[in-house]
Each structure stands twice: as C-alpha cells, then as structure tokens.
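Participant: make a model of this:
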Amino acid sequence: MAIVHTSEIKFKVGLDENRVPEEISWNAQDGGITEEASKAIMLSVWDHKQKDTLRMDLWTKDMPVDEMKQFFHQTLVSMADTFERATNDDKMSATMRDFCDYFAEKLELIKK
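Facilitator: Predicted coordinates:
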C-alpha cells in the first residue's frame with residue numbers, strides 16, 4: 001500500500017539556563033491539538049534494526065510529585081491495555097493490571 005497521508009506530532013520544550021525543562025507543549029494537527037501545555041512526556045520508539053527501545057522522559061520543574069505518581073500509574077495501565085491489543089495475551093495483560101493495582105495501592109492512589 002502506498003502512503004496517502006502523513007501526520008505530524010510535535011513537542012516543544014522550553015529549557016532554563018541549565019537545560020532543565022520549564023515548559024512543554026505539543027501539537028497534533030490531525031487530532032485538533034494546538035500548543036497544548038503538558039508537564040511531562042514519556043516517549044518510546046522501537047529501533048527495529050538494533051532491536052532496542054529508545055526513550056525520552058521529560059518533566060518540568062514544577063511537575064508535582066503526586067501528579068507524577070498518577071502519571072506513572074495511568075501510563076502503566078495504558079501499557080497493559082496496549083499490550084493486550086497488540087499481542088492478544090490476556091493472561092499477561094491481567095498480570096500487568098494486577099501489578100498496576102498493587103502500584104496504586106502502595107502509592108496510596110487508591111484507598112482501600
């Protein structure tokens with residue numbers, strides 16, 4: 001199949017004098033996102049030649065720790081969902097979700 005459309009997602013990171021992120025914004029024109037502010041990014045890219053994952057994890061100085069914990073939890077849950085859709089491995093996806101529940105409980109994101 002020929003590529004008939006391309007789509008771009010752009011991140012802009014404003015850095016202080018020590019190159020620490022002060023501001024993060026992103027654009028995804030096809031998704032209707034324009035200069036949307038964010039406090040953190042976790043991006044993974046699969047390098048199929050090296051069979052390795054390339055990562056970029058950034059967060060602003062003013063990202064609150066409680067929000068970072070919530071961000072990690074929600075990211076882990078979404079990874080379990082994506083893993084299930086990509087592999088149809090229901091058993092491992094359920095195991096991953098069990099860990100997410102444990103993670104949330106230990107961080108007191110979910111009260112017993």
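
Participant: residue 75 and residue 14, how far apart?
Facilitator: Residue 75 sits 23 Å away from residue 14, going by Cβ to Cβ, to the nearest Å. (Glycine included, C-beta is placed from N, CA and C.)

Participant: between these two, which one's more packed in?
Facilitator: Neighbour count, other Cβ atoms under 10 Å: between residue 75 and residue 14, residue 75 has more, with 13 against 10.

Participant: SS state for that one?
Facilitator: The local conformation at residue 75, judged by DSSP: H, G, I helix; E, B strand; the rest coil, is helix.

Participant: what is the helix or strand hosting residue 68 packed up against?
Facilitator: Using DSSP states H and E, residue 68 sits within helix 65-87. Secondary-structure packing of helix 65-87 (3 or more Cβ pairs under 8 Å, 6 or more residues apart in numbering; DSSP states H and E): strand 40-47, helix 90-106.

Participant: quick check: angle from it to strand 40-47?
Facilitator: Angle, helix 65-87 to strand 40-47, by axes from the mean of the first three to the mean of the last three Cα atoms, to 10 degrees: 30 degrees.

Participant: how near is the closest residue to residue 80 other than its chain neighbours to residue 75?
Facilitator: Counting by Cβ to Cβ, 6 or more residues apart in numbering, the nearest residue to residue 80 once its immediate chain neighbours are dropped is residue 96, at 3.8 Å. The gap separating residue 96 from residue 75 is 12 Å, by Cβ to Cβ.

Participant: now do residue 36
Facilitator: 17 Å.

Participant: and the most centrally placed residue in the chain, what does it touch?
Facilitator: Nearest to the geometric centre of the chain sits residue 42, at 4.0 Å (Cα atoms, centre = their mean). Applying Cβ atoms under 8 Å, 6 or more residues apart in numbering, we find residue 42 in contact with 55-57, 71, 75.

Participant: I'd like those as a markdown table, with distance to residue 110 and pLDDT appended.
Facilitator: Below are these laid out as a markdown table (distance: Cβ to Cβ, whole Å; pLDDT from 0 to 100):
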| residue | distance to residue 110 | pLDDT |
| --- | --- | --- |
| 55 | 27 | 96 |
| 56 | 29 | 95 |
| 57 | 24 | 96 |
| 71 | 15 | 97 |
| 75 | 16 | 97 |
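
Participant: cool, thanks, signing off.
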